[in-house]
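[1] Need the 3D shape of this:
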Amino acid sequence: MLASRQRPTRAMQLLNFALFQTAWFAGVLGAAHDAPLLGTMAVFAVIAWHVTVSARPVMEAKLVGAALAIGAMFETFCVQLGQVTFTSGQPEPYLAPYWMVAMWGLLAIALNVTMRWMKRRWLLAAALGAIAGPMSYAAGVRLGAASFIHASAALTTLAFAWALLMPLMMWLSDRFDGVVTLV
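    From the prediction side, this is the model:
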């Protein structure tokens, strides 16, 4: 007999979305107001809560770990390209700010809950990544956590990168789905 998967309830999706947004603002505003550690602590508190309440915490923790590793590499690449500069939270000028890397872990907790509808829809994930990825950076810039050296070049680079990264993140979320339970 095939096992069916229990999906996140609407209440779980709404709570996940609300906590994601709250932690995102805490991370960005913390960085913008020269308190990146406080914002990062808020982000990791939400991540820890999510992993703890997941049906399969080890799987969700693996997804968060993979997202953090990808985020550290990608954000460091962005720093080294010189199109985006950050106001705080960089241990070294050539490395990504730690609060920005934490945001990738935060993204991971939304993949199997709020963004679950996008699973295995690779072109949709690419399109959403190309639009929402740069929009998120632009919002961070407007809030004062970063700045673009040349906005159009930075946004174009981010759009192309996120068109590739979002399908990758969705693939990882499928591989490391710790939210669903086998009934």
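
[2] quick one: buried residues of stretch 56-70?
    56, 59-64, 66-68, 70 (16 or more other CB atoms under 10 Å). Every C-beta, even on glycine, is put in place using the N, C-alpha and C of the backbone.

[3] Just the element for the residue most central in space within the chain, please.
    The centroid of the chain falls nearest to residue 107 when counting by CA atoms, centre = their mean (2.5 Å). Using DSSP states H and E, residue 107 maps to helix 98-111.

[4] any idea of the angle the helix or strand just after that helix forms with helix 98-111?
    Using DSSP H and E, the next helix or strand after helix 98-111 towards the C-terminus is helix 122-142. Helix 122-142 runs at 140 degrees relative to helix 98-111, counting by axes from the mean of the first three to the mean of the last three CA atoms, to 10 degrees.

[5] got a list of contacts for the helix or strand following helix 122-142?
    Where DSSP H and E defines the elements, the next helix or strand beyond helix 122-142 is strand 146-148. Outside strand 146-148, the residues that touch it by CB atoms under 8 Å, 6 or more residues apart in numbering are 31, 83-87, 137, 140-141, 154-155.

[6] So which of those residues belong to helices?
    31, 137, 140-141, 154-155 (DSSP state H).

[7] and the two most separated of these?
    For the ones in helices among the contacts of strand 146-148, the maximum inter-member distance is 19.3 Å, found between 31 and 155 (CB to CB).

[8] So the two - more neighbours on which side?
    residue 31 (29 against 19; other CB atoms under 10 Å).

[9] wait, isn't the more buried one in contact with residue 85?
    No. Look at residue 31 against residue 85 with CB atoms under 8 Å: they stay out of range, at 11.8 Å.

[10] my guess is the residue nearest to the centre of the chain meets residue 169, correct?
    Yes. Using CB under 8 Å, residue 107 is in contact with residue 169, at 6.8 Å.
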